[in-house]
Structure formats: C-alpha cells, structure tokens
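Q: show me the folded form of this:
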Amino acid sequence: MSESRLTPPATPAELATLLEAMLFVADGVVPLEALAEASQCDASAIDEGLALLAAALEGRGLRLQRTGSGVQLVTAPDLSLWIERFLGLELESKLSTAALETLSIVAYGQPLTRAEIEAVRGVNSSGVLRTLIQRELVEEVGRLETVGHPYLYGTTAAFLQYFGLDSIDGLPPLETEEQSSLLATLEAERMAG
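A: Alright, predicted model coming up:
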C-alpha cells in the first residue's frame, strides 16, 4: 500500500488497534507526537485511542505505560519472573538499601540535584547515583539555572517498569510527616544553593 492511500483510522477502536501495532514494533518509549503524526490523528484522538488500548490490555500480559509525553507497551510486572525464566535471564540483583533510599528521594522530589539528594540522605550519594544511572533507573533531566549549573536528576521509563508503575503518579503517597520533612529539607537546600 502506498503512503498516499493511507487514511486515518475512522473510529477510536480502529485507532486503538493501530496504536497497539505501532507500540508493539517500537524499540522503546514513543513520543505521543510521533503516534499522532504516523496515524494522522490529533492529540485528543491519540489520548482516546490509548485509553481504549489500556482498557483492552487490563488483566492481560501486556500493559500500556506512560512516561511524560511518551508511551510504550511493557509486560505486566507480576509476570516478570516467568519472563526471566522463559528468556533464560539471571535474576536481576536487588537494589541496596542506599540505592532504594536514593531512588525514592529522586522519585518523590524530582527533578533534584545531587546536593539536594545528599541533603536529604545526609551522606555522599555520588556512588549510589552512578549505580542508579548505570541501571537506567535515574537519568540527567536537565541543569539547574544557578552557579555551576548542576545536573538535575529524575526517574526513567525503566524505573516505572521496574516497579510496575503506569506513571510517576502511581507512586504511593508519602505520609504527611514524611512529606513535610522531605519538602522542608529540599526547600532549605534550594535556598542555601
């Protein structure tokens, strides 16, 4: 079929089917704009098609995962041990307490600088941060507009997949006291910097 004979999907259900096929062949996170351009549909139609696809995948082996302005198909987290066994993969090494602590600080406070992470943890976090970056759970997401322009860190799509989250909004809420303490420490660090 030549590209000139392509017509946009006529119904939301047809669009959901097309989006599923596109996401199935994609290598990773696909920007929503790329889906809109390829399907010749507007952003609201893409959102509707993705909502239909997510509903259709509920209770199945795949799930739709949104990451910022992108989306991808991933395997259901509760099937990960079966998938690892099928693929003959070694069980992934578990994250250390320090790594989990750092990762939770980044997840709840992102974007953060290394100094802000260290202010909350109270210890040097460069080694743990380097490990989290190597494991692709944390990434540099920009630079802070201040002296020295330190890197800002945030979580990745791999983070969401590792913890079985559809989006960062799926994180469990912090207890009020924990949240207040974290926010006060981050605010004090930002005022000092």
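
Q: could you chop this protein up by domain?
A: 3-80, 97-192 (automatic domain parsing).

Q: how much space between Thr155 and Glu136?
A: Taking CB to CB, to the nearest Å as the measure, Thr155 falls 10 Å from Glu136. For glycine as for every other residue, the C-beta is placed from the backbone atoms N, C-alpha and C.

Q: which of those two has more neighbours?
A: Thr155 (24 against 13; other CB atoms under 10 Å).

Q: Glu175 versus that one, what's the distance?
A: Distance from Thr155 to Glu175, by CB to CB: 20 Å.

Q: give the contact list for the residue most central in space within the chain.
A: The centroid of the chain falls nearest to Ala157 when counting by CA atoms, centre = their mean (3.0 Å). Neighbour list for Ala157: 28-29, 65, 67, 70, 72 [criterion: CB atoms under 8 Å, 6 or more residues apart in numbering].

Q: rerun at 10 Å
A: 28-29, 65-68, 70-72, 74, 136-137, 139 (CB atoms under 10 Å, 6 or more residues apart in numbering).

Q: quick one: which of those is nearest Val120?
A: Nearest to Val120 out of the contacts of Ala157 is Leu137 (CB to CB; 17.3 Å).

Q: show me where pLDDT drops low in the chain?
A: Along the chain, segments meeting pLDDT under 70 span 1-4, 89-93, 176, 178-180, 182-183, 186-193.

Q: quick one: the helices in the chain?
A: Assigned by DSSP state H, the helices in the chain fall at 12-25, 32-39, 43-57, 80-87, 97-109, 114-121, 126-134, 157-162, 176-192.

Q: got those helices as TSV, with distance to Asp169 columns?
A: Formatted as TSV, the helices of the chain follow (distance: least, CB to CB, whole Å):
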stretch	distance to Asp169
helix 12-25	20
helix 32-39	16
helix 43-57	14
helix 80-87	22
helix 97-109	11
helix 114-121	21
helix 126-134	21
helix 157-162	10
helix 176-192	15
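
Q: right, I'll leave it there.
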